[in-house]
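Peer 1: A structural model of the following input is requested.
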Amino acid sequence: MRTLPVVATLLISGWLSSADAQSAKSLLRSMSLRDRVAQMVVGVCYGDLPSAKSREFLKYRHWVKDLHIGGFIVNNRVRYGLVKNAEPHSMILFLNQMQRLSKTPLLVGGDFERGASMRVSDTTPFPHNMAYGAARDYEASRYEGLMTAREARALGVHWLFAPDADVNLNADNPVINIRSYGENADDVAKHVAAYIDGAHSDPKNRVLLAAKHFPGHGDTSIDSHEDLARLDATRERINAVEMVPFRAAIEHGVDAVMTAHMAVPALDPSEAPATVSGRIMTGLLREDLGFKGLIVTDAMNMSGLTKQVGAGEAAVRSIEAGVDVLLMPPDPELVIKAIMKAIDSKRLTAKRIDQSVLKILDAKVKLGLYKKRTVDPEAVSDVLDDEDELAAAQKVADHGVTLIRNQSDLVPLAVPQKSCLVISVGIRMSSFGQRFLEEYRRRAPQARIILVDNSLPAAALDSAVGDLSACSAIIFASYTTNPNLAGDLPLLLDRLIAGPVPVVFITFGNPYLLAKYPKVAAYMAAFSTTPTSESAAAKALFGEIPITGRMPVSISGLAQYGDGLQVQAGFESKHLDSKSLDSKGLDPKSSKQKTLQNLR
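Peer 2: Numbering: from 1, shown residues only. Predicted structure coming up:
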């Protein structure tokens, strides 16, 4: 049987148009085999502007000018436990420098799961995905996709490693959690589809999208950054749940799928990480689901992969499995050499490399990078400074606030000036809690506000908090996305709950924490740590907005998917009149709240 040429195969699959195919084929012919291999490698940068004499700049220059890597991913720096986002203008200047140095246009990506704000400062702080799930607002997900594409292209970014298509079924999941839209596969699929449609809707700001993390990282209890995660589910369950959002993504034209560094025994009994599993990448994704686009690894420096196999071998096995793009290998040069060695030994073929590189080059052609690869740093502020975009982000954050318990109608606060606010932050210098503190203090300047450092021992925490018996209510705010509060914080919260003053527990991060504190008087979840969600929580506490969110996940024995107490805004302060309440489906003659049980 005669084998079709690579380009003909890709034309039949629908991946390449005729004109793009000729352009990509021409570009491919101009490259050496080693340069083709290098196109599959995406290195990591941090969006800052190092000195041209610095070791870091020389490293980047070597990757681009000597190795000819295919692109960059913009990541965050973490110093002393603090995350530092890139500054927009510095980031553009750096990326423009790299583009000018590069023989072939660089494909630049970023984990823009909640807009560019996940990686870049001074951008719209869209909430985490789970807030969208709580708001039940698919149009908001579509709009986020549209605006994120515009922000990205203004910043010199072409590939969004979004949307997150994981269905979060595991309360102990430390890595996905509020990055997921929720636990209902159909609902997650609708948000994923809406985001893709929005991001692809502006032909002037074309971006690539990558649905992640295949074959589904939502029902795991291990962070794949730290170790190999594991999905113990039957193939039937995986097909009925985990695959639903990925099928929707493919149907709506997603450009790429990102792998997960996790074992899935039902799909591959060898328990190899999915990233290097041909059964999963080719057998399931390519053949069963019919996906023809780019397959990109999750970061190849993550321990979920590196603990299983060395960097060079991981790269070779990923390509053997069906992967096209190698993201963030620890040493790009080592990886390129390992792949070339595998070609020399006939383990990999030049034809297999060409299959991937044609897709990469075609993507660069479609994105217009061969016509214009740099961006204007003077124009970026006009794109990023968008009041309508900020209002849209705030709206979904407001609608995502969800109230699960409210004994004695604690929320909205009856006497906020006499309330006490305890904010649990990771470390004292953290930005978490700052917006919430400001919003709370502005509304209740006489309230007592305490920031507690998670690392403090029990005695120091007790001393910092002091005697709160005179408070009208205690509001305890947590930002962790981990399954448990850190250190001795559980002892502090248990003591407060057991005391005479009722406690309102607010989680901006992990919503499942309620299960650990079932005796708390009131529980409210914002499902997002962003400033917009902090503002939303403050407004909800003070009765300035109605509380209309519904649980996108279940909390064992305490809340089911779809539950949520519906609270009218300004019931006491009369911010809404009867007509306004009636238009929102709220009975002005009823009590302040209604419980919506088992709402689907």
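
Peer 1: make it CA atoms for all contacts and neighbour counts henceforth
Peer 2: Will do.

Peer 1: Please report phi then psi for the residue nearest to the spatial centre of the chain.
Peer 2: In the chain, the centroid-proximal residue (C-alpha atoms, centre = their mean) is Glu113; its distance is 3.7 Å. Note on Glu113: backbone dihedrals following degrees, to the nearest 10 are phi -70, psi -30.

Peer 1: how close does the residue nearest to it when sequence neighbours are not counted get to Tyr195?
Peer 2: In space, Glu113 comes closest to Ala162 once its chain neighbours are excluded; the distance is 5.1 Å by C-alpha to C-alpha, 6 or more residues apart in numbering. In this view, Ala162 and Tyr195 are 9 Å apart by C-alpha to C-alpha, to the nearest Å.

Peer 1: got it, and Ser528?
Peer 2: Per C-alpha to C-alpha, Ser528 is found 18 Å from Tyr195.

Peer 1: cool, Ala249 as well?
Peer 2: Noted for Ala249: a distance of 9 Å to Tyr195, by C-alpha to C-alpha.

Peer 1: returning to what we had before: so the residue nearest to Glu113 sits in a strand?
Peer 2: No: Ala162 is assigned coil when assessed by DSSP: H, G, I helix; E, B strand; the rest coil, not a strand.

Peer 1: What confidence value was assigned to it?
Peer 2: With respect to pLDDT, Ala162 scores 98.

Peer 1: again with Val383
Peer 2: Reported pLDDT for Val383: 93.

Peer 1: Work out for me the element it sits within.
Peer 2: Here Val383 is covered by helix 380-384, with elements defined by DSSP states H and E.

Peer 1: Kindly format the C-alpha coordinates of whichever helix or strand comes after that helix as PDB.
Peer 2: Using DSSP H and E, the helix or strand that directly follows helix 380-384 along the chain is helix 387-400. Provided in PDB are the C-alpha atoms of helix 387-400 (Å, rounded to 0.1, in the frame of the first residue of the first chain):
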ATOM      1  CA  GLU A 387     -13.400  49.800  31.300                       C
ATOM      2  CA  ASP A 388     -16.100  47.700  29.600                       C
ATOM      3  CA  GLU A 389     -13.800  44.600  30.000                       C
ATOM      4  CA  LEU A 390     -13.200  45.300  33.700                       C
ATOM      5  CA  ALA A 391     -17.000  45.800  34.200                       C
ATOM      6  CA  ALA A 392     -17.700  42.400  32.500                       C
ATOM      7  CA  ALA A 393     -15.100  40.700  34.700                       C
ATOM      8  CA  GLN A 394     -16.600  42.300  37.800                       C
ATOM      9  CA  LYS A 395     -20.100  41.300  36.800                       C
ATOM     10  CA  VAL A 396     -19.300  37.600  36.500                       C
ATOM     11  CA  ALA A 397     -17.400  37.800  39.800                       C
ATOM     12  CA  ASP A 398     -20.500  39.300  41.400                       C
ATOM     13  CA  HIS A 399     -22.700  36.600  40.000                       C
ATOM     14  CA  GLY A 400     -20.400  33.900  41.100                       C
END
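
Peer 1: so where's this protein uncertain?
Peer 2: Counting by pLDDT under 70, the chain shows low-confidence ranges at 1-21, 80-81, 426-430, 571-600.

Peer 1: so what are the domain limits for it?
Peer 2: For the chain, automatic domain parsing gives the domain ranges 6-375, 401-596.

Peer 1: still on that earlier bit, thinking the residue nearest to Glu113 is in contact with Gly115, fair?
Peer 2: No: look at Ala162 against Gly115 with C-alpha atoms under 8 Å: they stay out of range, at 9.3 Å.

Peer 1: Tell me where the stretch 451-600 of the chain has strands.
Peer 2: With DSSP state E, counting those that start in this stretch as the criterion, the stretch 451-600 of the chain has strands at 474-478, 503-507, 522-525, 564-567, 593-596.

Peer 1: Show me what the fourth one is packed against.
Peer 2: Applying 3 or more C-alpha pairs under 8 Å, 6 or more residues apart in numbering; DSSP states H and E, one finds that strand 564-567 makes contact with strand 402-406, strand 593-596.
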